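Visitor: I would like to see how this sequence folds:
(one chain, ligands or ions: 1)
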Amino acid sequence: MNIYVPTLIYSEKDCVKKYGRIMSKTGRKALIVTGRNSSRANGSLDDVINALEENEGQYVIFDKVEENPSIETVMEARKLGIQEKVDYIIGVGGGSPIDAAKAIALMIGNPQCDESILWENTMRRYLPVVAVPTTAGTGTEVTPYSILTIHEKRTKKSISHRIYPVLALVDYKYLKTQSQEVLINTATDALAHLVESYLNTKADDLNKMYSEKGLKLFGEIKDKLKNPDEAVYMTLSNMAMIAGMAIAHTGTSLPHGLSYMLTYELGIPHGKACGLYLGGYMKMYGEKDKPAVDKVLEALGMESVEAFKGYLKELLGDVEVPEEIMKENAFGMMSNEDKLKNYPFEVKREELEGMM
Ligand SMILES: [Fe+2]
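Guide: Residues are numbered from 1 along each chain as shown. Sure thing, here's the model as predicted:
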């Protein structure tokens, strides 16, 4: 068993302002990596800029990260970062800008290399990354993962390097401007992280500290997601971060592996796509190890797998996935060793086809 959480975390209201000095001391000049709109709307970009200026930190902004960031975007940001001689990266936004920030940190750290190094298994230098998350979902502020979209292969994949942010400034107030849809989809992503981490080949007594705690937190707010108050935002924010710590130790499993195709081919948001497979995963897992699934249900405060499935259906609504996509997806999954190895039992293609 082992535990590794190398990120310095401050999770509290106004933490960007309070700990701006620590952020600005990460380097001499920052590349702020963000999306086009939301970090302006929720105030996080202004908070980061003000904190840097108050502490005489230099910066340049790259604000073109799209949802499900591509390698092309990473390479464009790298060009700006090298030109501007930045020596650290601040990712501001949801999972996409922070995931992109990690890949950009690697590419700037290796200016002579092309994008193929994203997928190779050698140690490489990379710039320090600071994360300012504005959604409660991916937990990327505390994980080593960076998921990029590979258009050539029509899918998404994590880069092979493990890049933990050195600092995470987690302020739940940024969640308040989110639409209900984004809040629910991202919260479902975090729920999937917790379930897939607890029901995982690599789950052990030590790392289950995270998934158990996160599942209990989700249980506290599960009926308030459509009508959140201040306390719900705070719990959501911590729950998603703890879920990130859980998957940092175990990785995710079959629902995540199957979700990527739904996002790429049908445009279903990541968390929702994972959520569609989550009930089926619990059912399948429960047929092999019922006590483990019962523990998950107990932590969530739910009575049965059927109740869990019903809850998700209510939360996410009805989604039609064409049969040929389900089949093709299951077929592709049978060669996804990274995800299959996190499911401790043998699995058949037909089981995956019907997992929804
Ligand atoms: Fe996820």
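
Visitor: which SS class is residue 296?
Guide: Assigned state for residue 296: helix (three-state reduction, DSSP: H, G, I helix; E, B strand; the rest coil).

Visitor: now for it, how many residues are close by?
Guide: Applying other C-beta atoms under 10 Å, we find 21 residues neighbouring residue 296. Glycine gets a C-beta too; all of them are placed from N, C-alpha and C.

Visitor: break this protein into its domains for me.
Guide: Domains of the chain are assigned by automatic domain parsing as 8-173, 179-353.

Visitor: residue 1 is nearest to which of those?
Guide: Proximity to residue 1 (C-beta to C-beta) singles out domain 179-353 among the domains of the chain, at 4.2 Å.

Visitor: quick revisit: which one of the domains of the chain lies closest to residue 2?
Guide: The nearest among these, by C-beta to C-beta, is domain 179-353 at 7.3 Å.

Visitor: now the strands: where do they sit in the chain?
Guide: 8-11, 29-35, 58-65, 88-93, 129-133, 147-150, 155-158, 167-170 (DSSP state E).

Visitor: contact partners of stretch 212-229?
Guide: 175, 180, 183-184, 187, 190-191, 193-195, 198, 232, 235-236, 238-239, 242-243, 246, 295-296, 299-302, 311, 315 (C-beta atoms under 8 Å, 6 or more residues apart in numbering).

Visitor: just those residues: which are in helices?
Guide: When those are checked against helices (DSSP state H), the matches are 180, 183-184, 187, 190-191, 193-195, 198, 232, 235-236, 238-239, 242-243, 246, 295-296, 299-300, 311, 315.

Visitor: what subset of the residues you listed is buried?
Guide: Neighbour counting with 16 or more other C-beta atoms under 10 Å marks 183-184, 187, 190-191, 193-195, 198, 232, 235-236, 238-239, 242-243, 246, 295-296, 299-300, 311, 315 as buried within the ones in helices among the contacts of stretch 212-229.

Visitor: how many other residues sit next to the nearest residue to residue 27 once chain neighbours are set aside?
Guide: Nearest non-adjacent residue to residue 27, counting by C-beta to C-beta, 6 or more residues apart in numbering: residue 88, 3.5 Å away. For residue 88, the neighbour count with other C-beta under 10 Å is 25.

Visitor: is residue 88 in a bridge, and if so with what?
Guide: Beta-bridge pairing of residue 88 under DSSP bridges involves residue 30.

Visitor: contact partners for residue 124?
Guide: 106, 109, 110, 117, 161.

Visitor: er, residue 34 actually
Guide: By C-beta under 8 Å, 6+ apart, the contact set of residue 34 is 45, 61, 62, 63, 65, 91, 92, 93, 97.

Visitor: kindly report the same for residue 270.
Guide: Going by C-beta under 8 Å, 6+ apart, residue 270 touches 68, 95, 137, 138, 185, 189, 259, 263.

Visitor: out of the residues you listed, which are inside helices?
Guide: Counting by DSSP H, these place 95, 185, 189, 259, 263 in helices.

Visitor: residue boundaries of the helices in the stretch 1-150 of the chain?
Guide: Remark: helices assigned in the stretch 1-150 of the chain by DSSP state H, counting those that start in this stretch are 15-18, 20-24, 38-41, 44-54, 71-83, 95-109.

Visitor: the first one packs against which elements?
Guide: Using 3 or more C-beta pairs under 8 Å, 6 or more residues apart in numbering; DSSP states H and E as the contact test, the elements touching helix 15-18 are helix 44-54, strand 167-170.
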